[in-house]
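In: model the following, please.
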Amino acid sequence: MIKLSGCLLLLTMVAGVVWLSWYGSRPVVPARLPVDLSILSGNSLKAVAHNLEAKGMIEYPLVFVALGRILGQANKIKAGNYLFNKPLSPYRLLDKITSGETQLSKLTLVEGWTFRQMRTELDGRADVRHDTKGMTDAAILKAVAPRESHPEGLFFPDTYYFDGGDSDLNIYRRAYDLMRKRLAAAWQGRASGLPYVTPYQALTMASIVEKETGTPDERPLIAAVFLNRLRIDMPLQTDPTVIYGLGDRYDGNIHKTDLENDTPYNTYTRRGLPPTPIALPSELAMVAVLHPATSKALYFVAKGGGRHQFSNTLDEHNRAVYRYQIKGGA
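Out: Numbers count the residues shown, from 1 in each chain. All right, here's what the predicted structure looks like:
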């Protein structure tokens, strides 16, 4: 009887090994390919297994976990964003997620975004580890750039590639460091005779130019207009700064009361530059304000198609406003 029990146990063990080998080598065909899998730092093999089951890549997630433990791979999972273009066996899946065969994630910070928009984008990403969760803007800035006093405009708008599960703080640091480098290079090669005392002032002006036009070849002219106003102590009178100062009170339209309501960012009621940038300026905007066009223009008005009409005098400007804004002429 004992021998029979032993034989049954041995047969059961052999059958188990055979079945486990069959399970580990048999690919499961998901309903849809490719399959994206994001593994964040700290995710357990059990959590990953249930995610893989939900995506149709494996069956029997607990068996997958057992297989990983038997093979000594349960504690070797590497965070990242994985892309599976074809069915893979559990053996191969374990190899991929423990060897770090990841696909880089991509994040694009858009020119003209505010810091709030940048943070909203990062906070909504599933492939990022959210170390800044619950932190104030000031706390993030202290962690990334302790010498700075305001986050606006300090992060370079670009496309950043990173391993899935990377900390959002690391992305903030990369964008901040790149802005410092690009601004320093642009400042070093600036034209002579500009009224900026510091690179930060140029950054602030670049953010205004960024918000005033999306047409690259107009940026040096827009910059020239604002520089001409600065030189004669004329208010910049630019709507984007007023909008920024309104914050959540901005309802999509600028009212007369908004232009009269004094805030640190109201360039109708205050002369000179606002205290900080108002958006993420592009490199082209920084180059434009440090190499403005040669122009005597003091005014501009939108004339359609994203372009503007520039005028040297108020009389010329009024005629342009009538033509393009009131009459609607071309």
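In: show me what stretch 139-146 is in contact with.
Out: Under the contact criterion C-beta atoms under 8 Å, 6 or more residues apart in numbering, stretch 139-146 has outside partners 119, 132, 135, 148, 149, 150, 151, 154, 169, 172, 173, 176. Where you see a C-beta, it was placed from the backbone N, CA and C, and this is true even at glycine.
In: for residue 240, what are its contacts?
Out: 208, 211, 212, 278, 279.
In: quick check, nearest of those residues to residue 32?
Out: Checking the contacts of residue 240 against residue 32 with C-beta to C-beta, the nearest one is residue 279 at 38.8 Å.
In: contact partners for that closest one?
Out: So, once contact is read as C-beta under 8 Å, 6+ apart, residue 279 ends up touching 112, 113, 114, 152, 153, 207, 210, 211, 240, 244.
In: the last one: which element?
Out: Translated: residue 244. If you go by DSSP states H and E, residue 244 is part of helix 239-246.
In: which residue is nearest the middle of the chain?
Out: residue 109 (3.2 Å; C-alpha atoms, centre = their mean).
In: now residue 225: closest residue in space, sequence neighbours ignored.
Out: Leaving aside its sequence neighbours, residue 225 sits nearest to residue 297 (C-beta to C-beta, 6 or more residues apart in numbering; 5.1 Å).
In: any idea how far residue 310 lies from residue 222?
Out: 9 Å (C-beta to C-beta, to the nearest Å).
In: more crowded one of those two?
Out: residue 222 (28 against 22; other C-beta atoms under 10 Å).
In: how close does the more buried one sit to residue 236?
Out: Residue 222 sits 11 Å away from residue 236, going by C-beta to C-beta.
In: and what of residue 20?
Out: With C-beta to C-beta as the criterion, residue 20 and residue 236 are 72 Å apart.
In: just to revisit the earlier point, of all the contacts of stretch 139-146, which comes closest to residue 258?
Out: Using C-beta to C-beta, the contacts of stretch 139-146 come closest to residue 258 at residue 150, 21.9 Å.
In: give the contact list for the closest one.
Out: 141, 275, 276.
In: please redo it, this time with the cut-off set to 7 Å
Out: Counting by C-beta atoms under 7 Å, 6 or more residues apart in numbering, residue 150 makes contact with residue 276.
In: sec struct for it, please.
Out: Secondary structure, DSSP: H, G, I helix; E, B strand; the rest coil: residue 150 is coil.
In: return the distance of it relative to residue 142.
Out: 12 Å.
In: before we move on, what about residue 231?
Out: 37 Å.
In: identify the contacts common to residue 310 and residue 222.
Out: residue 300.
In: can you verify residue 107 is assigned to a helix?
Out: No - under three-state DSSP, residue 107 falls outside any helix and is assigned strand.
In: that one is in contact with residue 157, isn't it?
Out: No - using C-beta atoms under 7 Å, residue 107 is not in contact with residue 157; the gap is 10.9 Å.
In: all the strands of this structure, residue numbers only.
Out: Using DSSP state E, the strands of the chain run over 35-39, 80-84, 105-108, 128-129, 159-162, 166-167, 299-304, 307-311.
In: a markdown table for these, including distance to residue 46?
Out: Below are these laid out as a markdown table (distance: least, C-beta to C-beta, whole Å):
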| stretch | distance to residue 46 |
| --- | --- |
| strand 35-39 | 12 |
| strand 80-84 | 17 |
| strand 105-108 | 24 |
| strand 128-129 | 19 |
| strand 159-162 | 26 |
| strand 166-167 | 23 |
| strand 299-304 | 58 |
| strand 307-311 | 58 |
